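Asks: Provided below are the primary sequence and the corresponding predicted coordinates.
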Amino acid sequence: MRQTWVTPGGVHPPENKDQSLTQPIGSLPIPEKLVVPLGQHIGAPAIACVTVGDRVLKGQKIADPAGTISAAIHAPTSGTITAIEARPVAHSSGMNALCVEITSDGKDQWIDKSGISDFEHTSPKALLSIITEAGIAGMGGAGFPTSVKLNPGFKRPIDTLIINATECEPYITADDSLIRERAEEIVEGIRILSHILGNPHNIMIGIENNKPEAIKALEPHTKDTGINVVSFPAKYPSGGEKQLIYILTGKELPSGNIPADIGMLCVNIGTTHAIKRAVVDGEPLVSRVTTMTGEACEINRNYDVLIGTPVEHLLNHNNFDAQRCSRVIMGGPMMGFSLTSKLIPIVKTTNCILAPSVEEIPHNEPAQPCIRCGMCAEACPASLLPQQLLWYSQAKDHERLQSHNLFDCIECGACSYVCPSNIPLVQHYRSSKSDIKKAQEEKVKSTQARERFEFRQQRIELAEKEREAKRAARREAAKQAKASSGTDSMADIVAAAQARTAAKKTSPEQELAKLERAVSSAEMRVQKAQDKLDTASANSETDEKINILSAALSGAQQKLEKAKTRLAEHSN
Amino acid sequence: MSNVSLSEVTKNGLWTNNPALVQLLGLCPLLAVTGTVVNALGLGLATMMVLIGSNIIVSLIRHHVSDAVRLPVFVIIIATFVTCAELVMKAFTYELYQILGIFIPLIVTNCAILGRAEAFASKQPVGMAAVDGFMMGLGFLMVLICLGALRELLGQGTLLADMQLLFGPTAENWTLRPFGEGYSFLIAILPPGAFLVMGFLMAIKNAIDWQIKLKAEADKPAPIKGAKRIRTTGHIS
Amino acid sequence: MLDFIIQQPIIAALVALAGLGIIFGALLGFAAEKFKIEGDPVIDQIDELLPQTQCGQCGFPGCRPYAQSIADGDDINKCPPGGQSTINAIASLLDVPAPELDQEHGEEAEVKSVAYIREDECIGCTKCIQACPVDAILGAAKLMHTVIVDECTGCDLCVEPCPVDCIDMLPVETGIKQWQWSAPPLPNGLIATDRTQSHSNHEGAA
Amino acid sequence: MAFKQVTSPHAHGAQNTAKVMQLVVWATIPGLIALTWHFGWGSLINVVLASITAVVSEALILKMRNRPVWFYLGDYSAVVTAVLLGLALPPLCPWWVVVVGTLFSVVIAKQLFGGLGYNPFNPAMVGYVVVLISFPVEMTTWVAPLALLPEGVAHPDFLESLKLVFFSASPMDGVTGATPLDSFKHAAGLTVEQIYQQDSLFSQAMFAGVGWEWVNLGFLAGGILLLCSRVFTWHGPVAMLVALALMSLIFWDSGSSQSPGSPLMHLLSGASMMGAFFILTDPVSSAVSHRGRLIYGALIGILVFIIRSWGNYPDAVAFAVLLANFTAPFIDNYTLPRTYGHTDRRKATERLED
């Protein structure tokens, strides 16, 4: 039994994991249409490399990674591309983003798979490129492209590899069931990882002690491999990367750093399984294990779901009762987000679809005032003072928020969970975080604008000065010329100058045409303004708007007059 | 700043810029001695006298004092008048003088007086400065009396008690006892009461101002939006 | 002389006070010279808070001149692009109550917008280039112009000079990346919000 | 309704403010029973009268502030304030003392500052202090404990108590007596042992003072109940009691005539236990972090002892708590906990380096 450390705070919500563990991982019929979002990972969305009408096979790449931090996307089944357009995607905003729609042909025909059976004699670089090609992104929730995470160029060698099998959120059992049924593949995936990272001497699988069967399943495969299965008491949120690092090693990840900076790497256990499939079996990431649970569904179990399967398909298959359901959540009840449409597809990061009944997860109560009871501070795993953060968040005091380390908040929701006043603390923090980020961006932009403005002023000033200097020089030259050659040549100079200006001047016809253009454009403007005013008064707009419009009209009329007079002058 | 109308000065002193309720100046004596009407009246009158006197003198010498030393000069002028006031009270209302004690000399530190000298009298002609001093003093006095009356009434259930200290024996039976004998509610007399009553007075004033402002806003025509814009790039042809 | 002064307390007091006055006056005068502050950092601080759109809606040619004017005592509610948040920030910097935006200078836009040139209509007159305070428009005479969207401050100074009305102010597109959680409604009133609430109630009644 | 945008977390714990407040009210019952047993019906009448006043005045103010009345009344905070104030006031004090105290608590100390959650001072203690300094006579007239009443005299029964409270402004004769803290304050020149022997208040007591010890033990029991149900953490109360005990131990002076009393006497008399578990644990006006609450509690303990021993008033919990309320933001400022991943503890006012 290895030593583990205890994180501060944390909560113990009811686990509700047994419901979905009664049956083994199941599979669903292939849906008619799959919608594969191009942005399923952190970083830039992938760029589609197929067009509408193309026929694709299962596992065929349909989108290339865009830039360094991105991941490829593959067709989850064989069929035809029927649309590439914006569709509702798995995001808290409920907004649309670019997706590829595949109409399945029902054959589920794979591309030619070519796996490597002997990875130990393959260079890490080659393995890495396989992982890149397979489009693997962290499957625990954040979706950070795995190949980027594993990319060499670390400040220091990785000596500790942590496999995150914590799964601390209530209801979710995707990892648990995956370990129970596919422990051997997982361990092989870990060995591939270890090989890529140059065999770190410390490899740990962190798992909560509420999964005894999974621990047992891992044991025979990890024996004598140097992989330690470390179990520790269940507490939410032990599965946070920072929390897990502390629990397993007693070290804290300094704020603003990534684990690699202290020689550690954290990989979700689902990801190791995907790595094994990619490397050994040559299968890119096209499906994942997702828990379907909640009282509003009759069947609660884990499924191996194709990425791109609409949630609707999953729900219908499990006899979903919309009347009983309080909300449909993608992810767990603590950090998952509610879905605004049932057309949203399953993505690489979807570990759970939770359809709780109203009794299970009631509708949100209205928030009462904060009484500073401090329960949130007790629960905070990062030892923040949530009640102070709330205070400053309401006051929009960005400086204080940052000095109270708002950005160390992992949004785990433990504070909101315990809050007796039902205050949506996490939403306050999220909103404040994005406000601060926006303000910082705006600051940068405004500084840039100021510099550009000042530079422009300077440039104009300089140009003005230069002109002035030239004029002075010319005057000087004229004076000298006058002094040297007397009055006779003066006439010549004047004549020459007149000739120059005449040459420079546009021909009268051109001038006339220009003025005519000006008049016609002015007329057009008057007309436009008149129209606007008419529509405004027809629509009985507010007086002030009409005032503005009529002011604009009179301005345009004046300009027209001016243009006309000039034209008249010129024609004369 | 040079042209200030008489009505403006009056309104300023009594209401809009009241030294006690708005500027919150001179709170120390204000809160300390307003236990009864007579105390408030005594201190208020003394302050008013000092304010008028110092405003006149400051205004008279305003062209002759350099900027760097104006504050010490003002303080000396104020101190002189305070000493006069103290001596006058000692001579004519000795008992009241004893009750008010240290708060009479402390008028020197009443920021309302220095504030007026600095903000108004040092920039205005003598007549206007005198009127300003009177009005500011009156405004201060009014608040003092309000506070004193309220606190006296709430705290010991009397009104105009001990007026003989200021007005002589004729005032001896001016005392009113609306709640009868034996009533007392000490906190109103004690310093916290002063803060509470003062707070309520300010709240009432703000509420009135709010109503006035709403009315004014309702009467005001809507502004033309964006009417005052200029071109930052106008100097370019 | 000294004896005379000591015997006359009034004169003694006068002398003492006059002496004190002279000494302290000299001290103050010296200090005023010695610790004189060069420049005015507050202008920089105000300028830092202004949005730098250089739009001139405040009635000054650029943000810095307005900052200068605020430092000299001008109203702080003349900047529509900055809106209420800028007013609040300046108010807290200067420690004055924050007024509402002066509508005569314009309205605070809810969505930030930037200029777009309808390029096929552009005649290449360079008028907008000259009007742009931050050099965010590219182009040359008789050639089509375009706005560098990232640099545009949305001041709309280029719209009016355009002879063919081919510049539109379009709201900045917000995609899924720009989306942010809105702050939850205040669950209860702070004292300050009581005021605004009763304010709106009054207005509703009026 | 199944598809809508709701912020995470979706699950919520069982605790809510109304439940916490109700629990606090229930937890005062052992103390209230002890008070009623030893000092008659007065405390019960106080509590009921104060509760009614508090709820009515809170409702009125909420109405004036355009707030949903039932929503805010439903958090029970006004009742908690009223119950605590009612327990703190002397039994059988005139009804207007209770009403004025409650009005000050609810209207001025709480609602004028913005209502629940925004009051910088403990409302119950503000109300208590206001009536304490306004009506010194009424506030220092304590009923004698049952055991010390002379032969043949009993506490007035319930109806008589009501009559006394509502119609008689004069202090009752015969049933009034000194409190243990009074006895110590006024027994100059006597050693502790002499006081204990001469004063039946102590000579008939088991630990500290007849009746008072049981009242304090009652509040201790209620406090432990609250502690076990995690309404507050142990830091504040324990720090206060330890500080009070330590202070009295240091100045115990082996019971000489200068001694302000034994630790046991201090812990079990006056409002010690009620203060420790019900007053200083008011989360709104106290410090927030663990270290902060330790300091805050200790400060109250020390202040209580100082004012009891050398101040003008026999008991001091109200003053000590109000003084400590002043310091709470300051304490918070210097006791920010160390955040995960940071090496140093920050001060709240520290500016970010640009």
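Replies: Thanks, I have the structure now.
Asks: could you pull up the mean pLDDT of the longest helix along chain B?
Replies: When chain B is parsed with DSSP state H, its longest helix is helix B:126-156. The average pLDDT within helix B:126-156 is 91.
Asks: how about it, does it reach chain D?
Replies: No. Using CB under 8 Å from any CB of the partner chain, we find that helix B:126-156 stays clear of chain D, coming within 8.8 Å at best. The C-beta positions use only the backbone N, C-alpha and C, and glycine is treated the same way.
Asks: and that helix, what does it pack onto?
Replies: On a contact count with 3 or more CB pairs under 8 Å, 6 or more residues apart in numbering or on different chains; DSSP states H and E, helix B:126-156 meets helix B:6-11, helix B:27-32, helix B:37-60, helix B:111-119, helix B:186-189, helix B:191-219.
Asks: tell me the residues of chain B that contact chain D?
Replies: By the rule CB under 8 Å from any CB, the part of chain B lying against chain D is B:184-188, B:190, B:192, B:196.
Asks: I'd say residue D:280 and residue D:295 touch.
Replies: No. The criterion here is CB atoms under 8 Å, and residue D:280 misses it with residue D:295 at 11.9 Å.
Asks: okay, those two: which has more neighbours?
Replies: residue D:280 (30 against 24; other CB atoms under 10 Å in any protein chain shown).
Asks: low-confidence ranges, the chain, go.
Replies: No chain specified, so I'll use chain A. Scanning chain A for pLDDT under 70 picks out the ranges A:1, A:152-154, A:485-494, A:497, A:500-508, A:540-542, A:544, A:571-572.
Asks: wrong one, I was asking about chain B
Replies: Low-confidence segments of chain B, defined by pLDDT under 70, span residues B:1-3, B:68, B:223, B:225-228, B:231-237.
Asks: chain D now?
Replies: Residues of chain D that meet the criterion pLDDT under 70 lie in D:1, D:169-174, D:188, D:344-354.
Asks: tell me the residues of it that contact chain B?
Replies: With CB under 8 Å from any CB as the criterion, chain D comes near chain B at residues D:100, D:108, D:130, D:133-136.
Asks: how does it look with 7 Å?
Replies: Counting by CB under 7 Å from any CB of the partner chain, chain D comes close to chain B at D:130, D:133-134.
Asks: thinking again about what came up before, most neighbours, which of the residues of chain B next to chain D?
Replies: The residue in the residues of chain B next to chain D with the most neighbours, by other CB under 10 Å, is residue B:187 (23 neighbours).
Asks: tell me how many other residues surround the nearest residue to that one once chain neighbours are set aside.
Replies: Distances taken as CB to CB, 6 or more residues apart in numbering or on different chains place residue D:134 nearest to residue B:187, at 4.2 Å, with adjacent residues excluded. Residues contacting residue D:134 under the criterion other CB under 10 Å number 23.
Asks: so residue D:134 touches residue B:190, yeah?
Replies: No. Contact criterion CB atoms under 7 Å: residue D:134 and residue B:190 do not qualify, at 8.1 Å.
Asks: ok, which stretches of the stretch 1-150 of chain D are helices?
Replies: In the stretch 1-150 of chain D, the segments counted as helices under DSSP state H, counting those that start in this stretch are D:17-27, D:29-39, D:42-64, D:69-73, D:77-88, D:95-103, D:123-134, D:136-139.
Asks: out of those helices, flag the one nearest residue B:179.
Replies: Nearest of these to residue B:179, taken as CB to CB: helix D:95-103 at 12.4 Å.
Asks: follow-up on the earlier one: quick one, which of the helices and strands packed on helix B:126-156 is packed in tightest?
Replies: Most buried of the helices and strands packed on helix B:126-156, by mean neighbour count (mean count of other CB atoms under 10 Å in any protein chain shown): helix B:37-60, with a mean of 24.
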